[in-house]
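Predicted structure and sequence below. I'll ask about it afterward.
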Amino acid sequence: MTFKRPEIIRPPSEHDSYYLPLTSGCSNNTCGFCAYSFTKLGIRDLEEVKHEIDAMYLYVNNRIIVPDQPEIVYYILRGWNGKKLFLQDGDALVYPYPKLLEALQYLNGKFPYLQRIASYATPQDILRRSVSELKTLKAQKLGILYMGVESGNDEVLEHIRKGATHDQMVEAARKVRESGMLLSVTGILGLGGVAGSEKHALETARVLTEIDPDYAGALTLTLIPGTQLYEEMENGSFQLITPFQSLQELKTMVEKSNFSNCFFSSMHASNYFAVRGRMPQDKGKMLRELDTILARRDPALLRPEFLRGL
């Protein structure tokens, strides 16, 4: 079956990376809130991956364009500084390990000055790999993994069909940190609905504390037509929280999380209000910002709906 190149979906911090597809879709395509639930996992042939890397090399070093490469390759390369590369798609760490290692070795052979390679990874992907395997990938410059935690509450995780528990995510994070890779995780405000809001926020703060990542981000649930949670909202079994309830959840997560040294941010376009800072030292400042906006409850201070996005 012909591999179909996926659209570019990446973390905000990978805005200046080259996007190299190893997979399309996501292996865990059951999450009840996610657009990847409409996809099937596609595995790209290793020789096709190498062919794209060869094309990248020819363009970067000689400005030669290979006719069979899609225009998006050269659109990205024209603005690429050669420092960072992001492996697509939703969980590229699921790519078969021997082939993943070979792809990274080939990539580093062509671009020895590459500083860092990154990938999304599900907890399940990470748990399938040994710490030794992760260390080997780290030696090939796979330097950061982005893992969606979504919630620390097992009832919420089961409801959204995450496929991993609170404790499994903590174990996956331990393996990443033991390997020497950086770890960036995200939680989703509103995922417990109105009924489960407080418990979701408290348990997510707890899992973030136990994971103790290098980076943590909060997103706000945005319902996508056709997904499980959208259908539940339509039939009345799931009640979406209000913008200010989402900020109360954010405050709870910031207040109850304890990190060694973590950059925490709610800068994502889905959020109604942004705070950012290094924890623990900036926790007080972030809480004061949230207390101020929660006390005023002025909708004019929030990001308007038309500017929110996935």
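Okay, I see it. Residues are numbered from 1 along each chain as shown.

Which stretches in the stretch 1-150 of the chain count as helices?
With helices called from DSSP state H, counting those that start in this stretch, the stretch 1-150 of the chain shows them at 46-62, 71-78, 97-110, 123-128, 131-139.

And for the stretch 201-310 of the chain?
Using DSSP H, counting those that start in this stretch, the helices of the stretch 201-310 of the chain run over 228-235, 243-256, 283-296.

Report the mean per-residue pLDDT for the first one.
Translated: helix 228-235. For helix 228-235, mean pLDDT is 89.

picking that back up, what would the helices of the stretch 201-310 of the chain look like in a markdown table with distance to Pro304 and mean neighbour count?
For glycine as for every other residue, the C-beta is placed from the backbone atoms N, C-alpha and C. Formatted as a markdown table, the helices of the stretch 201-310 of the chain follow (distance: least, C-beta to C-beta, whole Å; neighbours: other C-beta atoms under 10 Å):
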| stretch | distance to Pro304 | mean neighbour count |
| --- | --- | --- |
| helix 228-235 | 21 | 15 |
| helix 243-256 | 10 | 21 |
| helix 283-296 | 15 | 14 |
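
what would these look like in CSV with distance to Leu219?
Listed next are those as CSV, based on distance: least, C-beta to C-beta, whole Å:
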stretch, distance to Leu219
helix 228-235, 14
helix 243-256, 10
helix 283-296, 16
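
Tell me which of these sits nearest to Ala92.
For Ala92, the closest of the helices of the stretch 201-310 of the chain is helix 228-235, at 24.5 Å, according to C-beta to C-beta.

Now do the same contact list for the residue lying closest to Ile211 once chain neighbours are set aside.
Spatial nearest neighbour of Ile211, chain neighbours left out: Ala173 (4.1 Å); criterion: C-beta to C-beta, 6 or more residues apart in numbering. The contact partners of Ala173, by C-beta atoms under 8 Å, 6 or more residues apart in numbering, come to 126, 147, 183, 185, 210-213.

Name whatever forms a beta bridge with Ser119.
Taking DSSP bridges as the rule, Ser119 bridges to Leu87, Leu145.

any idea how far Ile43 is from it?
From Ser119 across to Ile43, the span is 14 Å (C-beta to C-beta, to the nearest Å).

more crowded one of the two?
Ser119 (29 against 16; other C-beta atoms under 10 Å).

Isn't that one up against Met147?
No: at 9.9 Å, Ser119 does not count as touching Met147 under the criterion of C-beta atoms under 8 Å.

Can you check my assumption that Ser184 lies in a helix?
No: looking at Ser184 with DSSP: H, G, I helix; E, B strand; the rest coil, it is strand, so not inside a helix.

Leaving out the residues flanking it, which one is nearest to it?
In space, and not counting its chain neighbours, Ser184 is closest to Tyr215: 3.8 Å by C-beta to C-beta, 6+ apart.

The one you found contacts Cys262, correct?
Yes: counting by C-beta under 8 Å, a contact exists between Tyr215 and Cys262, whose distance comes to 6.6 Å.

which of these two has more neighbours?
Under the neighbour definition other C-beta under 10 Å, Tyr215 and Cys262 were set side by side, and Cys262 has more, 23 against 17.

What distance do you get for the more buried one to Ala218?
Taken as C-beta to C-beta, the span from Cys262 to Ala218 is 12 Å.

For burial, what's the neighbour tally of Asp54?
Count around Asp54 with other C-beta under 10 Å applied: 14.

thinking it is in contact with Lys110, fair?
Yes: in this structure Asp54 lies within contact range of Lys110 using C-beta under 8 Å: 7.3 Å.
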